[in-house]
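Visitor: quick one: sequence plus predicted model below, questions after.
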Amino acid sequence: MRIVLGVTGGIAAYKAAYLLRLFREAGHRVRVVPTEAALAMVGRPTWEALSGEPVRTGVFDDAEHVDHVALGRSADLVVVAPATAHLLARAAAGLADDLLTATLLTATCPVLLAPAMHTEMWRHPATVANVATLRGRGVHVLDPATGRLTGADTGAGRLPEPAEIAAAALALVRDRDLAGRRVVVSAGGTREPLDPVRFLGNRSTGRQGAAIAAAAAARGAAVTLVAANVDAVVLPGGGVTVVPVETTAELRAAVRAAAAAADAVVMAAAVADFRPAAASEHKIKKTAGAGPAPIALVENPDILAELAAAPLAAGQVVVGFAAETGDDAGDVLAHGREKARRKGADLLVVNEVGTAVGFGDVPNAVTVLDRAGDVVARAAGTKAEVADAVWDAVLGVWDRATTISG
Ligand code: CTP
């Protein structure tokens, strides 16, 4: 694969040398394109020696080869690490005043930017807006790590470790084995209103569902993400159609509308099993001394079970999630098996919660069961790795269906 590695003038530029090594060791051809400022940090001989390729910075440095067009066009992947606030601003504005920004304008392949800067610069509204613009165009912008910065200061703005950048970059160009597939993913947690200011809800952040949607898009699928109360920072970048919803009824309607033409539906949302029988039009007031008014609940439809019982499109694969803790009646897997049989989905991804595994940003461990409750896959790692394992399992169901019918 041909990789263009852009390097800008941040103190972390030296870390790009490690990144270059990782790409080379993985067998890729790398053209390093530093900015002039980057050469003040790490010199041209280092980049030329490590890459084995010429290093240029200007648009007209090699005019006869029209490098500024050729490099972007022929690249399979463009990575900029570190990306300074200045580079983000130039890229967002579409400037082409050096070879790196010209390459960004001509590249049609996936582009990953790994920002590194002081916390104040990262949080400045100008940078926030530039990152949003770039993400909206489908550019992948990593969040910087938090930790020690250049001086004695610490905060958000550190360049992520080279191995992390390499993994994120190479994940962008993996096989597009979901090309031509339409998929629907639900994420987040539904909220059922009690009155105009209160609701019954749950703690789901939507991160796993967002990772599943992002993984499908990266693998070439047309993705609709039905997002129940998911924070904007969690939502995946370009290439995914996001339908925001709040209640279970809205989530059900949006999922069913999109599922009518979908090859797969993944229900990763935490759906409220019950909702208040009636939501008060006005804020419920407490009456001194009267104690709390009881809340009457009614059952919500089970969206997953409905889809599993009556798929909305031929050959549609329906995937459920089960967050289990295990209890006296059985362990996590026993509960998962029982749920797999009860829900009737093609696949059930069983996720252990309530321990260190499964919460917030920490790695997950999941077991994928088929409708009989048999284990078809196990995966552990980041939410992105779990997401890929889910799609691998879905591909397995499609493959088996083709083998049987063919
Ligand atoms: N689900 C759904 N509609 C509901 C409840 C759940 O579609 N009304 C889906 C979830 O999106 C998830 C799967 O069902 O994919 C399992 O959710 P979970 O809450 O674990 O299952 P429950 O049926 O609520 O089982 P229990 O509360 O007994 O654990």
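Guide: Perfect, thanks for sending it.
Visitor: any low-confidence regions in the stretch 1-150 of the chain?
Guide: In the prediction, the stretch 1-150 of the chain carries residues with pLDDT under 70 at positions 63-67.
Visitor: okay, strands next: where are they in it?
Guide: Assigned by DSSP state E, counting those that start in this stretch, the stretch 1-150 of the chain shows strands spanning 2-7, 29-34, 77-83, 111-115, 140-141, 145-148.
Visitor: out of those, deepest packed?
Guide: strand 77-83 (a mean of 28; mean count of other Cβ atoms under 10 Å). Heads up, the C-betas are built off the backbone N, CA and C, glycines and all.
Visitor: that strand to strand 29-34, inter-axis angle?
Guide: 40 degrees (axes from the mean of the first three to the mean of the last three Cα atoms, to 10 degrees).
Visitor: so which of the strands of the stretch 1-150 of the chain is nearest Trp122?
Guide: Judged by Cβ to Cβ, the one of the strands of the stretch 1-150 of the chain that comes nearest to Trp122 is strand 111-115, at 6.7 Å.
Visitor: now the closest one, how far from the centre of its chain.
Guide: Chain-centre distance of strand 111-115: 14 Å, with Cα atoms, centre = their mean, to the nearest Å.
Visitor: other residues contacting that strand?
Guide: 77-85, 87-88, 91, 104, 122, 131, 134, 139-144, 157, 159-160, 165, 168-169, 172 (Cβ atoms under 8 Å, 6 or more residues apart in numbering).
Visitor: strand partners of that strand, parallel vs antiparallel please.
Guide: With DSSP bridges as the test, strand 111-115 is paired with strand 77-83 (parallel), strand 140-141 (parallel).
Visitor: output it as PDB, restricted to C-alpha atoms.
Guide: Taking Å, rounded to 0.1, in the frame of the first residue of the first chain, the C-alpha atoms of strand 111-115 are listed here in PDB:
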ATOM      1  CA  VAL A 111      -7.300  10.600   5.500                       C
ATOM      2  CA  LEU A 112      -6.400  10.400   9.100                       C
ATOM      3  CA  LEU A 113      -5.300  13.400  11.100                       C
ATOM      4  CA  ALA A 114      -3.700  13.000  14.600                       C
ATOM      5  CA  PRO A 115      -3.700  16.400  16.300                       C
END
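Visitor: and the angle from it to strand 2-7?
Guide: Using the same axes, to 10 degrees: strand 111-115 against strand 2-7 is 20 degrees.
Visitor: now do the SS call for the nearest residue to Asn229 once chain neighbours are set aside.
Guide: Counting by Cβ to Cβ, 6 or more residues apart in numbering, Gly188 is the residue found nearest to Asn229 once chain neighbours are left out, at 5.0 Å. Following DSSP: H, G, I helix; E, B strand; the rest coil, we place Gly188 in the strand state.
Visitor: so what's Gly188 up against?
Guide: Ser204, Thr205, Gly206, Gly209, Ala227, Ala228, Asn229, Val230, Ala269, Ala270.
Visitor: kindly recompute the last result at 10 Å.
Guide: By Cβ atoms under 10 Å, 6 or more residues apart in numbering, the contact list for Gly188 reads 201-202, 204-210, 225-231, 234-235, 244-246, 251, 268-271.
Visitor: what does Leu395 give?
Guide: Counted by Cβ under 10 Å, 6+ apart, Leu395 has contacts Asp177, Leu178, Arg181, Arg219, Ala264, Val317.
Visitor: check the offset of the helix or strand where Val243 lies from the chain's centre.
Guide: Using DSSP states H and E, Val243 maps to strand 240-245. Distance of strand 240-245 from the chain centroid (Cα atoms, centre = their mean) equals 14 Å.
Visitor: could you pull out the buried residues of it?
Guide: Val240, Val242, Val243, Val245 (16 or more other Cβ atoms under 10 Å).
Visitor: isn't Ala179 up against Asp263?
Guide: No: using Cβ atoms under 10 Å, Ala179 makes no contact with Asp263, being 11.6 Å away.
Visitor: so for the two, which residue has more residues nearby?
Guide: For Ala179 and Asp263, the more surrounded residue by other Cβ atoms under 10 Å is Asp263, and the numbers stand at 20 against 10.
Visitor: any idea how far that one lies from Asp175?
Guide: 17 Å (Cβ to Cβ, to the nearest Å).
Visitor: next to the ligand, which bits of the stretch 251-400 of the chain? Give me the list.
Guide: Met267, Ala269, Val271, Asp273, Asn300, Asp302, Ile303, Leu304, Gly320, Phe321, Ala322, Ala323 (Cβ under 6 Å from any ligand atom).
Visitor: report the buried members of these.
Guide: Buried by 16+ other Cβ under 10 Å: Met267, Ala269, Val271, Asn300, Asp302, Ile303, Leu304, Gly320, Phe321, Ala322, Ala323, out of these.
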